[in-house]
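Asks: this one's structure only:
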Ligand SMILES: C[S@@+](CC[C@H](N)C(=O)[O-])C[C@H]1O[C@@H](n2cnc3c(N)ncnc32)[C@H](O)[C@@H]1O
């Protein structure tokens, strides 16, 4: 378990190169500034930004190997985990979906500022974007599990890996799924918070039913 800011930064730096780490440092500086204009993350969490947000996002990479198809991040907001994944993996296409105007503008500015040419921002509601096949679907603090699956199954094949950081509700949300779907997922312990879990799994078919 990561215990503090120095450990969190070391955890991230062990998983990317120096250029990626520098992109993340620039992201953090910009996030601190932008957070005075819009509420991207709870202000108190900026004191532990490496643990609460950066390592919390970066740990998702431990559950996947690199794919050729895009990573799809739902409800990216501040860019968590999407922009952190994009900063760490410049050779992996990624699509960030976000519907709120100011957040879309923030994400687009960061993509430009960090030269993340492989990262596309879909500034619209998830329900209205065109379907494509994703290698990974991530969603942090986006929606209840059942709703995430319902809205996003059309982007998934049997090979798509779902990575859903769920905080303390992970086990309960999994338990609440219909039995057939429940068997397709499991909860991994978060490395940044002992009380939190990440729901990981694959849907058996396109419809996710
Ligand atoms: C609670 S925030 C979480 C943001 C980020 N993932 C994080 O962990 O900090 C949820 C985000 O999802 C976006 N959102 C909610 N419903 C959406 C939808 N149907 N389509 C696209 N974005 C949506 C919201 O605008 C918001 O920025």
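Replies: Right, received. Where do you want to start? Owing to the predicted nature of the structure, the values given are computational and were not obtained by experimental measurement.
Asks: this protein: helices as residue ranges?
Replies: With DSSP state H, the ranges of helices along the chain come out as 5-13, 18-34, 49, 56-58, 82-88, 101-113, 145-152, 170-175, 179-182.
Asks: quick one: contacts for the residue nearest the centre of the chain?
Replies: The centre of the chain sits closest to residue 81, judged by Cα atoms, centre = their mean, with a distance of 3.0 Å. Neighbouring residues of residue 81 by Cβ atoms under 8 Å, 6 or more residues apart in numbering: 56, 57, 58, 60, 73, 138, 140, 165. From N, CA and C alone the C-beta is placed, and that goes for glycine too.
Asks: longest strand anywhere in this structure?
Replies: Counting residues, the longest strand found in the chain (DSSP state E) is strand 161-167.
Asks: in it, which residues are buried?
Replies: 161, 162, 163, 164, 165, 166 (16 or more other Cβ atoms under 10 Å).
Asks: I'd like the distance from the worst-scoring helix or strand of the chain on mean pLDDT to the chain centre, please.
Replies: Scoring the helices and strands of the chain by mean pLDDT, DSSP states H and E places helix 179-182 at the bottom, with a mean of 94. Offset of helix 179-182 from its chain centre (Cα atoms, centre = their mean, to the nearest Å): 23 Å.
Asks: can you count the residues close to residue 47?
Replies: 9 (other Cβ atoms under 10 Å).
Asks: what does residue 82 give?
Replies: Other residues close to residue 82 by other Cβ under 10 Å number 31.
Asks: residue 96 is in contact with that one, correct?
Replies: Yes. Residue 82 lies in contact with residue 96 (Cβ atoms under 8 Å); the separation is 4.2 Å.
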